[in-house]
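J.: Got a sequence here, can you model it:
(one chain, ligands or ions: 1)
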Amino acid sequence: MPSFPIRRLAATTAAAALVLTALATAPAQAASPPAAASAAAPVTTSAASTTAAGAPADLSRDMVTVPAAPLLRARTDDAVSPATGVTTHPVYVSVATVTAATSDDSPTPPDEASIRAAVTQLHDYWWAESGHTVDVTLAGIETRPLGQASCVPATVLNTVHTAAFGGRFAKYAWAGTNEHLIVLSRETCGTTATAFGTVGGDGGEVFSSYGAGSALGVPVLLHEFGHNLGFGHAGAGMCRSTTSFDGAASDYRYATSTDSPAACPVLEYGDFLDIMGYSVSSARPHLSSVQRVRAGFMTDVTTLSGAGTTRQVVVTSLDGTATGRALKVVDPISGQDYYVEYRTATGTDATSAEFGGRAASCAVAAPGFTRCGLTSDRTTGSVRVLRPLTLAGSTVSTVALAVGLDTKRDPSRRDTHLDAGESFTSANGGFTVSVRSMTPSGGAVLDVTLAGAAKQQPVAAPAPASAVATASTLTVDRTRQTYGSPTRITATTRVVTTDGSTPTGTVTLRDGTTTVGSARVGTDGRAAVTLPATTRSGAHPLRASFVPDTAAQAGSTSAIVTVTVDKASSTSALSTGTTPVKRNAAANVTVTVASPGVARPEGVVTVSAGGTVLGSTRLTSASGGRVSVPVSSFTRAGVYALTASYAGTDDVSASVSKRMIVVVR
Ligand SMILES: [Zn+2]
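T.: Purely as a prediction, here's the structure:
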């Protein structure tokens, strides 16, 4: 199979720069009015403005999808386990001399000394961020003259990765090896420099034309290497509401999304306190607590969950040595995870543009709504509320929420942090976090209240006067399960009697008004019911009722505990059908849809090429996940990249296949 992801990049856009180059690129984004550029101007750097001069970069695509999806470890919050042991990540650097001329070399082309220094810094940064589990080593440097007429980034990576270092990176052979190929061009490669990297797969490839300089070249490599480790982008989101500063997960979408306007548009790289946000010259902020905890790089996190929980929590500086460096709150209403972290102008975070001490820098997030960043106070630091969200493809992105009011208390102008005295309430009042105080030495003192139980005390059912009263308490071993997954939610009800006698009877678990199941109460006073794997996706309000065997004990009903069933993931694959694709002839292709735990996925599959739909067929339960799709005939010879998309169902997520290259003769 050809190396589709790279080709995909080439086919869509060659300009895949992620580098902020000082928000000077912002005017290129349709959603950003000119005001954003002037307001952001203070972060311009010399390196950036040089590279950004002339043509604005396309910031939208620097993540290259890795083909072998099974290699990617699924990370769900319920399954996070600490990374253990040291994994060596050998880095092979290939310096491409793309064109024969030296006149188009960048001002600071990479040389061996700068490459060695850059890989050392790559090691030091990720060694620290990973909790000393990612050990980057320099495995080799080579120089490769390509003799190409011009420097086209995707073409360069495509050419180099087939031959570099004896072909050890050809055909994604690196996947699963933790080996990385970094291709640095001597040329700027276009009017602005470009960088991109593969996402996940235990190894990877990076292309950068930013060189190996410590000011900008290294921050770019740190970011792209983060993609190799599986991390998505760090963005900033602002909900278009002056009363609720948060929304459902589906309310958050990239501002560049062509769907209907999002309720909470997200600027994809807009988190300046995260290496996976914009690359800013000389800035090397930490990876957020969200990504570090989810990756198992950091276990120093306080988790609050359970309706009715009220706690005061001290969150210490993410850059510091004190314990308690992150707070995770599981929203009792939505089941969604939120992270609260405290970032201070210390260590590597001190380099962040956010602590740059520059004038207020704000951008219009949507008409009438202005999000401000780069303004956190160096003396107090910054309390941030972040959410891990899947905004594009399957990679989890992080979103720093615009939660804080500015000095004018105008809810349409908000900061991406909370100041002392401010508070944030999640969508539908799930939980509230209030900042009591924050000092870099003492940490941020937070009051956290989760909605629920206080209003939902167990209700005792009417009982004969002589009956012993009982109370039922319902707990779940996890708050989420995935449709079809064997990992299911077990709901345990504990029944207690007021006189200490053993409760005797049966507990029935209901989901709304539907009975899930029943179980006898054991001698320990507990009864457990496990939800079926076929429980439909969505929120499920669970409630348990104890029905005693005799009138000697009274019945009781628990408070509601809401759990969430997530859609099953799916993967789509496209292969040649029984009739080949030829010019002016009927043809078909085969689409296979797989979903873990779902033997016979249903739904519509659509085959398209370059945005044109070629054919569409419905998968039925009889299809067994495999269907032949007739495609309209091609009238012109040429090379076509076909993809299949599966629309999903209420219980199964949509997916898109890798590209299949078809040569029509
Ligand atoms: Zn990126």
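J.: According to the record, where do the domains of this protein fall?
T.: As given by automatic domain parsing, the domain ranges for the chain are 4-19+57-228, 296-453, 456-566, 571-664.
J.: For Gly247, which of the ones you listed is the nearest?
T.: When the domains of the chain are compared for distance to Gly247 using C-beta to C-beta, the nearest one is domain 296-453, at 5.3 Å. Using the backbone N, CA and C atoms, a C-beta is placed for each residue, glycine as well.
J.: any idea how far the residue most central in space within the chain lies from Ser288?
T.: Central residue check for the chain by C-alpha atoms, centre = their mean: the C-alpha nearest the mean position is that of Val396, 1.5 Å away. Distance, Val396 to Ser288, using C-beta to C-beta, to the nearest Å: 11 Å.
J.: Shouldn't Gln481 be within a strand?
T.: Yes. Assessed with DSSP: H, G, I helix; E, B strand; the rest coil, Gln481 lies in a strand.
J.: What separation do you get for it and the ion?
T.: For Gln481, the distance to the ion equals 31 Å [C-beta to the ion, to the nearest Å].
J.: if I pick that residue, what's in contact with it?
T.: Thr487, Arg488, Ile489, Leu531, Ala533, Thr535, Val563, Val565, Asp566 (C-beta atoms under 8 Å, 6 or more residues apart in numbering).
J.: Mind giving me the PyMOL command for buried ones among those residues?
T.: To isolate the buried subset of those in PyMOL, counting by 16 or more other C-beta atoms under 10 Å, use the following:
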select buried, resi 488+489+531+533+535+563+565+566
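J.: For the contacts of Gln481, name the two members farthest from one another.
T.: Of all pairs drawn from those, the greatest distance, 13.7 Å, lies between Ala533 and Val563 (C-beta to C-beta).
J.: Would you mind confirming that Ile661 makes contact with Tyr640?
T.: Yes. Using C-beta atoms under 8 Å, Ile661 is in contact with Tyr640, at 7.4 Å.
J.: Which of these two has more residues huddled nearby?
T.: Higher neighbour count among Ile661 and Tyr640: Tyr640, with 19 against 15, using other C-beta atoms under 10 Å.
J.: what's the more buried one sitting at in phi/psi?
T.: Summarising the backbone geometry of Tyr640 under the convention degrees, to the nearest 10, its torsions are phi -120, psi 140.
J.: One more: Asn178?
T.: In this entry, Asn178 is assigned phi and psi values of phi 70, psi 20 (degrees, to the nearest 10).
J.: burial of it, as a residue count?
T.: Burial of Asn178 is recorded as 19 neighbouring residues (other C-beta under 10 Å).
J.: Hmm, Val91 and it touching each other?
T.: No. Counting by C-beta under 8 Å, no contact exists between Asn178 and Val91, whose distance comes to 10.0 Å.
J.: which residues does the residue located most distally from the centre of the chain contact?
T.: Residue farthest from the centre of the chain, counting by C-alpha atoms, centre = their mean, is Ser466 at 56.9 Å. If you count contacts by C-beta under 8 Å, 6+ apart, Ser466 has them with Ala551, Ala552.
J.: Done for today, thanks.
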